[in-house]
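This is a predicted model, with the sequence first.
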Amino acid sequence: MNLMGVIFANIYDSSLGQLTNKRTIASLPFGARYRNIDFCLSNMSNSAISHVGVITKYNYQSLMNHIGSGQEWDMELGEGGLEFLTPFAQGHSGSYRGKLDALNAAIDFLSLAKEEYIVMADGGVLCAMDYRKVLDDHIASGADVTVVVKDGICNGSKQVDLGILLGEDGRIEDMAVDFAADDRYYASMGVFVMKRELLIERTKDAVSHSLYRLERDMIMRGFFTGNMKIHAYKYDSVALFNESPKEYYRNNLALLDWDVRNELFHSEQTIYTRVRNEVPVYFGDSAEIDNCIVGDGCILKGNAVHSVLFRGVQVEKGAQVSDCVIMQDAVIEEGAEVKCCILDKDVRVRKGTKLCGTPDHPVIVERGEII
Amino acid sequence: MNFQKKHCVAMLLAGGQGSRLMVLTQNTAKPAVPFGGKYRIIDFPLSNCVNSGIDTVGILTQYQPLELNEYIGNGQPWGLNKSHGGVQVLPPYARSEKSEWYKGTANAIYQNIAFIERYDPENVLILSGDHIYRMDYAEMLAFHEEKQADCTIAVRKVPMEEASRFGIMNTRDDGSVYEFEEKPKQPKSNNASMGIYIFRWSILKKFLIEDEADPDSSNDFGKNVIPAILNAGHKMYAYDFNGYWKDVGTIGSLWEANMELLGDEPAFDIYGDKTHKIYARNYACPSSYIDADSSIRNSFIAEGCGIYGKVDHCIISTNCIVRKDAVVEDSVIMPNTIIESGAIVRHAIIGENCSICRGAVIGGTFADGEKKEISVVGKDTVIEENRSIAPGEIV
């Protein structure tokens, strides 16, 4: 394959608050059994890409544990396979301010590679995409960079990294960064395809001018100065942007919709994740579970409605769960009630406790808390 | 090649045809038959090995080995992908002088003496590939060494009236065996052999060679080798095991063992011991979806399922769909099977990749205490619309 990949594991961590206190956005659990990064890593694997660099800034232990040797994604850890690019891995001092800084720190990794093209992806945008189709379109377009964009994301209030206005012929008419663009704009999915040599050249050039943001300083600057030909690839399947706690909450519950599940999990692309060797879900005699996604190893004896229950969650007899996202191994004790909550891993909600948020402001309980 | 010595090597007998499982083993070796929603029978002895610190396992296969070989692969799901040891699948192979199928359990080990010798083990553990149980072989091995035994056989107490169906070990007060009786008409005790043996390798090797030289032998551990070792005056001990154990060699016992996983206090608590997990090869499938119209009671649901209908007292395996208005009760549904709307399945085992079409009725209900006739649908079968499969019928 003439295409290699780079995944940015933590770019928006600060906007996810407590959920990313101790993990990268890429290792945030999602959809009852996955973590965010499973999607772009599986996309790489399904696109026959075997050489992938995962760029991380901090809090990357859970990410490394999760990916392990990469075998679940049919990748192999090591040079020319799956490589972790941590801030100090290549002797560069300090952390990165933006993606170009990070790429500059990984310049040896990029220079030693043999592939002609590179695809960059964000850990926080979930989709089942075949990057080879983007590459084919990129080559056909003759552009320097192809940006994958999605409609229906910009709404005038969500701040997007890169918003792109397209003319009727599909050509780019305007670009804006870090802007709550209106709904005429397409949102960048953080997926970029270009020639590897060109990326190296432009990265070095930008960093030498003290520029470090990929979207602002390479793409948008290139567009407005005219020294880069930029092409937009419209993605028309499901894409979930997990960039704020509210989006994270809604996107989890969106999986209860068959169409969303079908496009993410039942396309030709399989989404892989780390195996946990759990037992099947046990439904007790008193269980009443409606409209839920359940991960394996759950023990369900109480009631749950319209919720996503991750691996190993226990809902005890008489407990009531509704509109919740409950991460691994959390326990809802007898008679407790939780509504519109995000419970992080290992949370325990004690007997008789009531926790209630609203769909717009779900209550978030940090990892390991006992309430 | 120079191999480091291993303390104990396990040999897992997985070659049986399992003909009493009928259609379920038509194209599948018995140890590869699905169990408990996401497992296959062989996961239990294999996981026991790993959890007991045994990292070298030879799996003896011969009947329909394809699926089993693929399932075991490089042994990675069980942590048995080692460069020294790990798991090896050992089918019978052609030799320069004579080649033959495994004639019996003892002959299967005899044909693989060279494999065992590579690890120069002190002891060899012989296991069966068709039992469901959780056991720490390290404890049995410690007992074997403490007694300085030449052979230790795991036994469990069975009801006296059933003892004549088993191989019975008659022991002295210290646990040493003075007599072994295969299916005795008048049993003297109720210590039934579980088909789990630890042998001192030097002794076993000698007796395997002698057994092979005897043209009248049926080359079986229970019938030939163990009586011969005992008669020669070697030290043989019975090791008591009190945990759950089930031979799943028949349709009835396979169904029962699956059902014994269920309940708030199950007979076999597969959730219970987190330090002694049962490992299995996992396939990438999304989490299960439980619809608002579903009703699920006292059941296991594995990953990748969509449940829209009624499920009561069932094991539903990976990637199954139970459509709206379908009813599944007291049944085991193996992976990748679809139960369509309006179909009714009761007291049945449905094999892998089956479709039970609309309005089909499989099996029946039984009063308490009545003998349950289990209906079985073999792998890759389509049960057409409105067709009836009677209780106990096998298709």
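Now that the structure is in, tell me what you want to look at. Fair warning: this is a prediction, and the values are worked out from it, not measured in the lab.

got the contact list for the most centrally placed residue in chain B?
Nearest to the mean C-alpha position of chain B, by C-alpha atoms, centre = their mean, lies B:Asp130 at 2.3 Å. B:Asp130 sits next to B:Gly16, B:Gly18, B:Lys30, B:Pro31, B:Ile41, B:Asp247, B:Val248, B:Gly249 when contact means C-beta atoms under 8 Å, 6 or more residues apart in numbering or on different chains. C-beta: built from backbone N, CA, C; applies to glycine.

again with A:Met4
Applying C-beta under 8 Å, 6+ apart, the residues near A:Met4 are A:Ile49, A:His51, A:Val52, A:Gly53, A:Ala113, A:Glu115, A:Tyr117, A:Ile118, A:Val119, A:Arg196.

and with 6 Å instead?
Residues near A:Met4 by C-beta atoms under 6 Å, 6 or more residues apart in numbering or on different chains: A:His51, A:Ala113, A:Glu115, A:Ile118.

same thing with A:Asp344?
By C-beta under 6 Å, 6+ apart, the contact set of A:Asp344 is A:Met327, A:Glu366, A:Arg367.

redo that, cut-off 8 Å
Taking C-beta under 8 Å, 6+ apart as the contact definition, A:Asp344 lies against A:Gln18, A:Leu19, A:Met327, A:Ala330, A:Ile364, A:Val365, A:Glu366, A:Arg367, A:Gly368, A:Glu369.

Pull out the buried members of those residues.
For these, a burial check counting by 16 or more other C-beta atoms under 10 Å in any protein chain shown picks out A:Leu19, A:Met327, A:Ala330, A:Ile364, A:Val365, A:Glu366, A:Arg367.

Kindly provide the distance from the third one to A:Gln314.
In other words, A:Ala330. A:Ala330 is 8 Å from A:Gln314, where distance means C-beta to C-beta, to the nearest Å.

With the fourth one instead?
When C-beta to C-beta is applied, the distance between A:Ile364 and A:Gln314 equals 20 Å.

of all the contacts of A:Met4, which comes closest to B:Tyr137?
Among these, A:His51 lies closest to B:Tyr137 (C-beta to C-beta), at 42.7 Å.

can you count the residues close to that closest one?
22 (other C-beta atoms under 10 Å in any protein chain shown).

try A:Glu201
For A:Glu201, using other C-beta under 10 Å, the count is 11.

what do you get for B:Leu90?
Count around B:Leu90 with other C-beta under 10 Å applied: 21.

Do I have it right that it meets B:Pro65?
No: shown here, B:Leu90 and B:Pro65 do not form a contact pair, counting by C-beta atoms under 8 Å, at 10.0 Å.

Compute the number of surrounding residues for A:Leu77.
Neighbours around A:Leu77, by other C-beta under 10 Å: 14.

I should have written B:Pro215 there, sorry.
If we define neighbours as other C-beta under 10 Å, then B:Pro215 has 5 of them.

what about it, distance to B:Lys103?
Taking C-beta to C-beta, one finds B:Pro215 at 11 Å from B:Lys103.

Give me every residue in chain B that's in contact range of chain A.
B:36-38, B:76-77, B:262, B:264, B:270-271, B:277-280, B:282, B:284-292, B:294, B:296-303, B:311, B:315-317 (C-beta under 8 Å from any C-beta of the partner chain).

Would you show me how to pick out the buried ones of these in ChimeraX?
Per 16+ other C-beta under 10 Å, the buried members of the residues of chain B next to chain A correspond to this ChimeraX selection:
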select /B:36,37,38,76,77,262,270,277,278,279,280,282,284,285,286,287,288,289,290,291,294,296,297,298,299,300,301,302,303,311,315,316,317
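
out of the residues of chain B next to chain A, which are inside strands?
B:Ser288, B:Tyr289, B:Ile290, B:Ile296, B:Arg297, B:Ser299, B:Phe300, B:Ile301, B:Val311, B:Ile315, B:Ile316 (DSSP state E).

now these in a markdown table, with pLDDT?
A markdown table is the format used below for those (pLDDT from 0 to 100):
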| residue | pLDDT |
| --- | --- |
| B:Ser288 | 95 |
| B:Tyr289 | 96 |
| B:Ile290 | 97 |
| B:Ile296 | 96 |
| B:Arg297 | 95 |
| B:Ser299 | 96 |
| B:Phe300 | 96 |
| B:Ile301 | 96 |
| B:Val311 | 97 |
| B:Ile315 | 97 |
| B:Ile316 | 97 |
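
Show the model's pLDDT score for residue 268.
Let's take chain A. A:Glu268 carries a pLDDT value of 78.

actually chain B
In this model, B:Phe268 carries a pLDDT of 92.

For the residue nearest to it when sequence neighbours are not counted, grab the count of nearby residues.
Nearest non-adjacent residue to B:Phe268, counting by C-beta to C-beta, 6 or more residues apart in numbering or on different chains: B:Tyr244, 4.3 Å away. When neighbours are counted by other C-beta under 10 Å, B:Tyr244 registers 18.

Return the residues in contact with B:Tyr244.
Contacts of B:Tyr244 by C-beta under 8 Å, 6+ apart are B:Ile132, B:Tyr133, B:Arg134, B:Glu260, B:Ala267, B:Phe268.

which of those residues are buried?
Buried residues within the contacts of B:Tyr244, counting neighbours by 16+ other C-beta under 10 Å: B:Ile132, B:Tyr133, B:Arg134, B:Glu260, B:Phe268.

and the first one, what is it in contact with?
Put plainly, it is B:Ile132. Per C-beta under 8 Å, 6+ apart, neighbours of B:Ile132: B:Phe35, B:Gly36, B:Ile41, B:Phe44, B:Tyr244, B:Trp245, B:Lys246, B:Val248, B:Ala257, B:Phe268.

Could you point out the longest helix of the chain?
Because you didn't say which chain, this covers chain A. helix A:196-208 (DSSP state H).

looking at chain B here, not the other one
helix B:201-213.

Mind listing what's buried along that one?
Within helix B:201-213, the residues scored as buried using 16+ other C-beta under 10 Å are B:Trp201, B:Ile203, B:Leu204, B:Lys205, B:Phe207, B:Leu208, B:Asp211, B:Glu212.

can you redo these as TSV with pLDDT?
Formatted as TSV, the buried residues of helix B:201-213 follow (pLDDT from 0 to 100):
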residue	pLDDT
B:Trp201	95
B:Ile203	95
B:Leu204	95
B:Lys205	95
B:Phe207	95
B:Leu208	94
B:Asp211	91
B:Glu212	90
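
where does the residue in the stretch 151-300 of chain B that chain A sits nearest to land on pLDDT?
The nearest approach of the stretch 151-300 of chain B to chain A comes at B:Ser287, 3.7 Å away (C-beta to the nearest C-beta). We have a pLDDT of 93 for B:Ser287.

What of B:Arg20?
75.

ok, now B:Gly272?
On the pLDDT scale, B:Gly272 gets 71.

try B:Leu24
For B:Leu24, pLDDT reads 81.

what about it, distance to chain A?
Distance of B:Leu24 to chain A, computed by C-beta to the nearest C-beta, to the nearest Å: 19 Å.

got any ranges where the chain has weak pLDDT?
Picked chain A for this. Scanning chain A for pLDDT under 70 picks out A:1, A:11-14, A:88-95.

try chain B instead
For chain B (pLDDT under 70), the answer is B:1-4, B:17-18, B:94-99, B:273.
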